[in-house]
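Participant: Sequence unavailable; structure follows:
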């Protein structure tokens with residue numbers, strides 16, 4: 001088993017030697033484009049400043065959008081409350097009208113009942129009957 005492992009290791013070393021990449025042959029060239037190092041650094045600085053302003057602008061836009069959304073939500077809630085208040089007001093007015101109609105109807109019936117009793121000469125069942133008890137009734 002020891003000789004098999006040694007043989008496999010030798011085969012691996014031989015394979016590595018055969019498949020080793022050769023030397024790289026590149027033509028030397030100047031990298032970094034046509035601008036100088038100072039110009040490149042200045043350009044980097046400008047881009048950094050611009051990115052800071054862009055980030056600040058993005059933040060401001062986000063805050064504005066958030067405030068606008070909150071304002072819209074508040075306006076929606078106010079509209080809903082206003083609608084509820086208006087329906088409540090209409091309901092109160094209708095109840096008041098209904099109450100007034102019932103009162104007028106009741107008053108009409110009571111008045112008719114009183115007039116009918118006066119026409120028939122029946123004794124009243126009101127507190128005014130006390131004045132008519134004695135034989136001496138005075139007409140007002």
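Facilitator: That came through fine. Predicted, not measured: the structure shown is a model, and the values here were computed from it.
Participant: got a list of contacts for the helix or strand where residue 3 lies?
Facilitator: Using DSSP states H and E, residue 3 maps to helix 2-18. Residues from elsewhere that reach helix 2-18 (Cβ atoms under 8 Å, 6 or more residues apart in numbering): none. For every residue, glycine as well, the C-beta is placed using N, CA and C.
Participant: tell me the average confidence for the following helix or strand past it?
Facilitator: Of the helices and strands lying after helix 2-18 in sequence (DSSP H and E), the nearest is helix 37-120. In this model, helix 37-120 carries a mean pLDDT of 94.
Participant: about what we covered before: just the mean pLDDT for the helix holding residue 3, thanks.
Facilitator: Averaged over helix 2-18, pLDDT sits at 94.
Participant: The residue most central in space within the chain: what's it in contact with?
Facilitator: Nearest to the mean C-alpha position of the chain, by Cα atoms, centre = their mean, lies residue 73 at 3.7 Å. Contact analysis of residue 73 by Cβ under 8 Å, 6+ apart lists nothing.
Participant: Look up how far residue 39 lies from it.
Facilitator: Counting by Cβ to Cβ, to the nearest Å, the gap from residue 73 to residue 39 is 51 Å.
Participant: Check residue 85 too.
Facilitator: Remark: distance between residue 85 and residue 39 (Cβ to Cβ) = 68 Å.
Participant: Please apply the same query to residue 21.
Facilitator: Distance, residue 21 to residue 39, using Cβ to Cβ: 37 Å.
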